[in-house]
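Colleague: Just to be clear, the model below is a prediction. Sequence and coordinates:
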Amino acid sequence: MPVLNRAHGAVASLALKQEQKDDTLVEAVLRDWRAAPLDPKLRATLGFLEKLTLAPTDVGPADVKPLRAAGVSDDAVEDAIQVCVLFNIYDRLADSLSFHLPGPDGYAASGRSLMKRGYLL
């Protein structure tokens, strides 16, 4: 799993625990997002973001059509692209420069902090 996705996985896990009281959905998504019980909008967005991450030069206007068909707004597509691009940059920097990685307790603490204060400063 890319470096920084672990921290945001911790946030997702905490957020879902508040809703579902367990980690089963997060675990299912991390295991295989295609088979996890997801909202169609999220599934379509994850497919698009996977292609954007793995084959960015192959992404074009036709790749947005399934998102729109699933009901994802253009603003939501733009937000998803911006977040994806930023995290791709962060992950590549972290991997290339061997950023220090916390253990599971560190990721959990980071997740709790982000849940409390949010992503915006």
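Modeller: Nice, I can see it. Remember, predicted model here, so these are calculated numbers, not experimental data.

Colleague: The lengthiest helix in the chain: what's the following helix or strand?
Modeller: Using DSSP state H to define each element, the chain has its longest helix at helix 74-96. As assigned by DSSP states H and E, the chain's next helix or strand after helix 74-96 is helix 104-117.

Colleague: for the protein, which spans come out with low pLDDT?
Modeller: Residues of the chain meeting the criterion pLDDT under 70: 1-22, 118-121.

Colleague: returning to that earlier point: so what does the longest helix of the chain touch, helix or strand wise?
Modeller: On a contact count with 3 or more C-beta pairs under 8 Å, 6 or more residues apart in numbering; DSSP states H and E, helix 74-96 meets helix 5-20, helix 40-54, helix 65-70. From N, CA and C alone the C-beta is placed, and that goes for glycine too.

Colleague: How about it, which residues are buried there?
Modeller: Within helix 74-96, the residues that count as buried by 16 or more other C-beta atoms under 10 Å are 77, 80-81, 84, 87-88, 90-91.

Colleague: do the same with stretch 99-118
Modeller: 107-108, 110-111, 114-115.

Colleague: do the same with stretch 45-60
Modeller: In stretch 45-60, counting by 16+ other C-beta under 10 Å, buried: 45-49, 52, 59.

Colleague: from those, which single one is nearest S96?
Modeller: L52 (19.8 Å; C-beta to C-beta).
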